[in-house]
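Colleague: I'll drop the sequence and a predicted model, then ask my questions.
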Amino acid sequence: MTNYSIETTRAWVIERGLAGASETELLHGFCERCCHLGLDLARGMVLIDTLHPVYEGRVFRWRNDGVEESRMLEYGRTSDNLEAAENWRRSVFSHLLDTGADEYACHLSSTEAEFWNFEALRRDGLVGYAAFIHRFAREGSFGDMDCVYSSWSTHHDDGFSQAQLVALRELLPALALAIKCVSLARVAATLVEVYLGRDAGARVLSGRITRGVAEKLNAVLWFSDLRGYTTITDTAAPEEIIPLLNDYSEAAISAIYQHGGDVLKLIGDGVLAIFRAEDQQHACHCALEAEATLKASKIALNQRRRDEGRPVTSIYLGLHIGDVLFGNVGSEQRLDFTVVGPAVNEVSRIASMCRSVDRSVVLSSAFAMAAALEDRERLVSLGRYALRGVGRAQELFTLDPERPAS
């Protein structure tokens, strides 16, 4: 590879990185250009850790032999998988971290070192191997996302030449930087979605972050919490509280997301969510579908927890519809993207009425009026009630147990 070809390849990587190309596009374009310019690559792999509540990182792969395999894999916590932990301990990357080195290159037929994947590479006819770590400065790290790992293989009988290794050394920093940039954008999107909600997170990333700016919208409001939560926290072992909250929050949030809702807040054992649609009837129907899904999930969850000898509970749910303000509220140092307005207060009061009327679901009269006829036929009146902090009494409804969702 000439200096000119190295510079043109590096320029392509930088241009595609600035354009926001995916990690897979960057890797595949990089490898194809290297092969075209005389760097005889057979396989390439890039690995980067991430910040995610479930996944520890992502692996991106390229190969030129036509064998079908996933171009991208997300991997869970290595500490939770004994085989994965052992493979990592016996990997070239672990060796580089332990020794403080940045690269390792060898001819697979003559190396004395034996890392966990070398035998499989030999069986596939690979001869030359090189691995690199491009570390981030401390202030450029995000949790365990502190470097980019990469490995490269060739079928060439002589393995990688010194000139080819030099070319890789010159090219890989640009590729690592481009992959870091797109991965950071993905991390930012994941974190704001996980902590703010899907819709609120998308709004924040689109630039709607000005303090005090809010949008008025009409939405179905969902507020659910756990029955007897205070009693459970007083009587259950402390280490059981977080798993309990996680289990029931997972059931509620999954049901809400499955039917098009968006979770805005987790308030202790409570979940505040909205369902938006231009058609109010459709929004109400989605909320009722989510309730049915939650009910089924709760039955299975309670059975599993009973089998495990863990405390179980049920979920109270209030549904309402009304106008809210959706936007940034708080101080210059700490903002919250949420909904505010009388309807938000009302839905929490409606949910609290579940205890008084001994029903798991209570709906407002506004919700009943906005729902489609087929959904209204499933509702039965509970009578008129005064809600704490709400000026007027209103008729409340619940779901008729004799008329389940279709």
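Modeller: Received it, and whenever you're ready, just let me know what you need.

Colleague: roughly how far out does the helix or strand hosting Val187 sit from the chain middle?
Modeller: In the assignment (DSSP states H and E), Val187 maps to helix 162-196. The chain centroid and the centroid of helix 162-196 are separated by 19 Å under CA atoms, centre = their mean, to the nearest Å.

Colleague: Show me what counts as buried in it.
Modeller: Using 16 or more other CB atoms under 10 Å as the test for burial, helix 162-196 gives 164-165, 167-168, 171-172, 174-176, 178-184, 186-187, 190, 192-193, 196. The C-beta positions use only the backbone N, C-alpha and C, and glycine is treated the same way.

Colleague: cool, stretch 274-285 as well?
Modeller: Using 16+ other CB under 10 Å as the test for burial, stretch 274-285 gives 274-276, 280, 283-285.

Colleague: do stretch 259-268 as well
Modeller: Going by neighbour count (16+ other CB under 10 Å), the buried part of stretch 259-268 is 259-266.

Colleague: if you look at these, which of them are in helices?
Modeller: Among the buried residues of stretch 259-268, no member falls in helices (DSSP state H).

Colleague: Closest one of the residues you listed to Phe30?
Modeller: Proximity to Phe30 was ranked across the buried residues of stretch 259-268 by CB to CB; first place goes to Asp262, at 37.5 Å.

Colleague: any idea of the mean pLDDT in stretch 367-385?
Modeller: Averaged across stretch 367-385, pLDDT comes to 94.

Colleague: actually stretch 178-188, not the one I wrote
Modeller: 90.

Colleague: and if you look at stretch 317-330?
Modeller: According to the model, stretch 317-330 has a mean pLDDT of 90.

Colleague: Run the chain-centre distance for that stretch.
Modeller: 24 Å.

Colleague: Point out where the chain drops to low pLDDT.
Modeller: Low-confidence segments of the chain, defined by pLDDT under 70: 1, 404-406.

Colleague: before we move on, the earlier item: give me the angle between the helix or strand following the helix holding Val187 and helix 162-196.
Modeller: Proceeding C-terminally, helix 162-196 gives way to helix 198-205 as the next helix or strand, assigned by DSSP H and E. For helix 198-205 against helix 162-196, the angle by axes from the mean of the first three to the mean of the last three CA atoms, to 10 degrees is 120 degrees.

Colleague: what sits up against helix 198-205?
Modeller: With contacts defined as CB atoms under 8 Å, 6 or more residues apart in numbering, helix 198-205 is touched by 188-189, 192-196, 257, 262-264, 276, 326, 337-338.

Colleague: just checking, next helix/strand downstream of it?
Modeller: Helix 198-205 is succeeded, C-terminally, by strand 214-226 (DSSP H and E).

Colleague: what domains does the record give for the chain?
Modeller: Listed by automatic domain parsing, the domain ranges of the chain are 3-195, 198-399.

Colleague: Secondary structure and distance to Ser352 added to the buried residues of stretch 274-285, as CSV?
Modeller: Below are these laid out as CSV (DSSP: H, G, I helix; E, B strand; the rest coil; distance: CB to CB, whole Å):
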residue, secondary structure, distance to Ser352
Ile274, strand, 19
Phe275, strand, 20
Arg276, coil, 24
Gln280, helix, 24
Ala283, helix, 23
Cys284, helix, 21
His285, helix, 25
